[in-house]
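Enquirer: Return atomic coordinates for the entry below.
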Amino acid sequence: MEKNVMIFRTMGKALEKHVKPECKVLVVGNPAHTNAWICAQYAPSLPKHNIFALTRLDQNRATGQIAHHFSLSVNDVRNVVV
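Expert: You can find the predicted model right below:
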């Protein structure tokens with residue numbers, strides 16, 4: 001987690017310094033929501049609603065676990081929300 005803090009602190013500071021407030025930021029590194037929050041703390045001029053986290057890996061894992069639990073194919077599992 002310490003490495004993530006260093007990375008996303010650096011990214012947040014760079015965003016704060018170099019981008020327009022309309023900039024949209026998508027964070028995909030797990031833990032995505034925590035990393036997005038760290039980034040946002042170091043880019044206070046960016047509106048918080050412009051910073052997003054993508055949790056596709058977590059969704060895929062949840063889908064796989066549900067499929068395994070119910071002895072289904074992952075293709076048969078629908079509408080999983082993380």
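Enquirer: buried ones in the longest helix along the chain?
Expert: Counting residues, the longest helix found in the chain (DSSP state H) is helix 2-18. Applying a neighbour-count criterion of 16 or more other C-beta atoms under 10 Å, one finds 8, 11-12, 15 buried in helix 2-18. (Glycine included, C-beta is placed from N, CA and C.)
Enquirer: what does stretch 30-42 give?
Expert: 32, 34-40, 42.
Enquirer: try stretch 19-32
Expert: Quick answer for stretch 19-32 (16+ other C-beta under 10 Å): 25, 27, 29, 32.
Enquirer: Wait, a strand at the third one?
Expert: Meaning Gly29. No - assigned with DSSP: H, G, I helix; E, B strand; the rest coil, Gly29 falls outside any strand and is coil.
Enquirer: quick one, phi/psi of the closest residue to it other than its chain neighbours?
Expert: Closest residue to Gly29 apart from its sequence neighbours, by C-beta to C-beta, 6 or more residues apart in numbering: Asn35 at 5.2 Å. Backbone torsions of Asn35, given as degrees, to the nearest 10, read phi -60, psi -40.
Enquirer: ditto for Phe70
Expert: Backbone torsions for Phe70, taken as degrees, to the nearest 10, come to phi -100, psi 10.
Enquirer: gap between the closest residue to it other than its chain neighbours and Ala67?
Expert: Nearest residue to Phe70, sequence neighbours excluded (C-beta to C-beta, 6+ apart): Val77, at 8.0 Å. Using C-beta to C-beta, to the nearest Å, we find Val77 at a distance of 5 Å from Ala67.
Enquirer: can you name the farthest residue from the center of the protein?
Expert: Relative to the mean C-alpha coordinate of the chain, counting by C-alpha atoms, centre = their mean, the farthest residue is Ser71 (29.4 Å).
Enquirer: Now do the same for it: helix, strand or coil?
Expert: State at Ser71, reduced to three classes by three-state DSSP: coil.
Enquirer: ok, it to Val77 distance?
Expert: 11 Å.
Enquirer: for Pro31, same thing?
Expert: 23 Å.
Enquirer: And Thr34, by the same measure?
Expert: From Thr34 over to Val77 (counting by C-beta to C-beta), the distance is 26 Å.
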